[in-house]
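1. what follows is a predicted protein model with its sequence.
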Amino acid sequence: MKKFIVLFFSLAFALSASNSFAEVHFKNVSFQEALKLAAKQNKIVMVDYYTSWCGWCKRLDRDVYSQDNVGGFADSNIISIKLDAENGEGVELARSARIQGYPTVIFYNANGKEIHRQVGYQKPLDFLATLSTAVSKNK
């Protein structure tokens, strides 16, 4: 029941904010910089671990992150970054997170502790519920 209430209010907020946000706005910063921003803004960090060859990752970008309600909720509550698990700092972070499939979206508190994880593609409303769950776990 609690999960339903959280989802209901999250969806209501996201739908009411949908005209003013558009898509998820990913920051072009390192993981450490994202943690600092999260601490400063009292938010959590969402890391989308992807690969260039992952079809479901591309679908997540196209069909989910582009939705107004997902973007509105994410931008209000989360510092979002994307990391290529096969390049740059994404390699070591993906290894330490023991990622075994893509896409994997991991949510961290401002101290860098994992608080929630979503493996695989989700439709927009399901992903919105995932975002809500991750934010509620940080409270």
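-> Great, that's in hand.
2. and the residue lying closest to H25 once chain neighbours are set aside, how far is that from N69?
-> Leaving aside its sequence neighbours, H25 sits nearest to D75 (Cβ to Cβ, 6 or more residues apart in numbering; 5.5 Å). To be clear about C-beta, it is placed using only N, CA and C from the backbone, and glycine gets the same treatment. From D75 over to N69 the distance is 11 Å, taken as Cβ to Cβ, to the nearest Å.
3. looking at those two, which has the bigger crowd around it?
-> Remark: of D75 and N69, N69 carries more neighbours, 22 against 19, as counted by other Cβ atoms under 10 Å.
4. from T130, how far out is that one?
-> N69 sits 13 Å away from T130, going by Cβ to Cβ.
5. surely the residue nearest to H25 is in contact with Q41?
-> No - look at D75 against Q41 with Cβ atoms under 8 Å: they stay out of range, at 10.9 Å.
6. beta-bridge partners for the spatially most central residue of the chain, please?
-> Centroid-nearest residue in the chain, with Cα atoms, centre = their mean: M46, separated by 3.7 Å. For M46, the beta-bridge partners are S80, F107 (DSSP bridges).
7. wait, doesn't it sit right on A134?
-> Yes - when contacts are counted by Cβ under 8 Å, M46 is listed as touching A134 (7.2 Å).
8. where do the contact lists of those two overlap?
-> Contact criterion Cβ atoms under 8 Å, 6 or more residues apart in numbering; residues shared by M46 and A134: I78, F107.
9. which ones are touching G112?
-> Residues in contact with G112 (Cβ under 8 Å, 6+ apart) are F31, L35.
10. from P124, how far off is it?
-> In terms of Cβ to Cβ, G112 sits 28 Å off from P124.
11. just D68 next, same as before
-> Using Cβ to Cβ, one gets 10 Å for the distance from D68 to P124.
12. over to F107?
-> 17 Å.
13. between those two, which has more neighbouring residues?
-> Using other Cβ under 10 Å, the more surrounded residue of F107 and P124 is F107, with 23 against 17.
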